[in-house]
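Visitor: Starting from these lines, generate the structure:
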Amino acid sequence: MMKLYYGPGACSFVPHVGLEAIKAATGEDFEAQSVKLHKGEQRTPEYLAMNPLGLVPVLVDEGRALNQIVAICDYLDRGFPQAGLLPAEPWQRAQAMSHFAWMNNTVHPTFTRIYRPGNFVASEAAQAELRQAALASFREHLERIQAMTAHAAPFLLGERLSFVDAYALVFLRWGGLVGIDPDTLPAYKAFAEKLAAAPAIAAAMAREGINLDTYKKP
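Guide: All right, here's what the predicted structure looks like:
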């Protein structure tokens with residue numbers, strides 16, 4: 001049985017949703033292990049043996065540990081194509097991976113610069129400047145995702161839920177955490193609310209104990 005190590009509300013939500021979708025489509029069950037990031041459980045010797053970078057997610061299958069969200073999701077899709085988490089047709093799959101890669105290598109690191117600017121610059125002044133610039137960029141990224149939702153049919157890649165949809169939901173939640181009101185992205189918010197009702201996403205959210213709206217009015 002596969003085992004996913006995840007941090008509640010972290011990017012590991014994306015393969016978590018995938019595993020729920022696979023379970024629904026094929027009956028293949030999995031084990032989910034919460035990693036309490038705020039308590040430093042990702043830095044224990046046992047965890048670092050699986051992922052020396054101390055990050056989530058980690059997927060363990062047949063005693064082998066796989067890291068990096070794009071690699072994990074590609075592995076799950078290739079192993080369980082019945083779930084339809086990525087398109088099978090080569091061009092459509094490449095387009096899907098283009099969106100997925102952009103989310104992973106551009107949108108996600110932009111948020112990291114907002115949430116943990118001290119990882120990149122030392123002084124408080126530099127951190128404040130970096131955070132402000134990254135927040136503006138992150139907002140632009142969310143607006144691009146909102147534009148993508150106009151073509152959802154009903155999901156971003158067509159008729160079936162995908163990893164790209166799960167990542168989109170993660171980013172809207174993260175936006176709320178850094179002060180971006182989801183009401184200022186109405187189409188995106190409406191899309192995310194529909195996503196939250198999808199069985200695989202609802203199951204993963206329930207296990208992680210997270211809600212869609214993380215925004216607190218100042």
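Visitor: Domains in this protein, by residue range?
Guide: What automatic domain parsing lists as the domains of the chain is 2-83, 90-198.
Visitor: starting at the chain centroid, how far to the shortest one?
Guide: The offset between the C-alpha centroid of domain 2-83 and the centroid of the whole chain comes to 12 Å, using CA atoms, centre = their mean, to the nearest Å.
Visitor: repeat for the last one
Guide: Average the C-alpha atoms of domain 90-198, do the same for its chain, and the two points are 9 Å apart (CA atoms, centre = their mean).
Visitor: And the strands in this structure?
Guide: In order along the chain, the chain carries the following strands (DSSP state E): 2-6, 30-34, 58-61, 64-67.
Visitor: returning to that earlier point: reformat the domains of the chain as a markdown table; add mean pLDDT, mean neighbour count and distance to Arg207.
Guide: Heads up, the C-betas are built off the backbone N, CA and C, glycines and all. As requested, the domains of the chain are exported to a markdown table (pLDDT from 0 to 100; neighbours: other CB atoms under 10 Å; distance: least, CB to CB, whole Å):
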| stretch | mean pLDDT | mean neighbour count | distance to Arg207 |
| --- | --- | --- | --- |
| domain 2-83 | 97 | 17 | 6 |
| domain 90-198 | 97 | 17 | 14 |
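Visitor: In CSV: those domains, plus distance to Glu208.
Guide: As requested, these are exported to CSV (distance: least, CB to CB, whole Å):
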stretch, distance to Glu208
domain 2-83, 4
domain 90-198, 11
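Visitor: Out of the ones you listed, which is closest to Pro218?
Guide: Closest approach to Pro218 among the domains of the chain (CB to CB): domain 90-198, 7.4 Å.
Visitor: start to end distance for that closest one?
Guide: End-to-end distance for domain 90-198, by CA to CA, to the nearest Å: 26 Å.
Visitor: What of stretch 72-86?
Guide: Terminal-residue distance, stretch 72-86 (CA to CA): 13 Å.
Visitor: Contacts for it, please.
Guide: Contacts with stretch 72-86, where a contact means CB atoms under 8 Å, 6 or more residues apart in numbering, come from 14-15, 18-19, 21-22, 24-26, 28, 57, 59, 61, 66, 88, 93, 96-97, 100, 157, 160-163.
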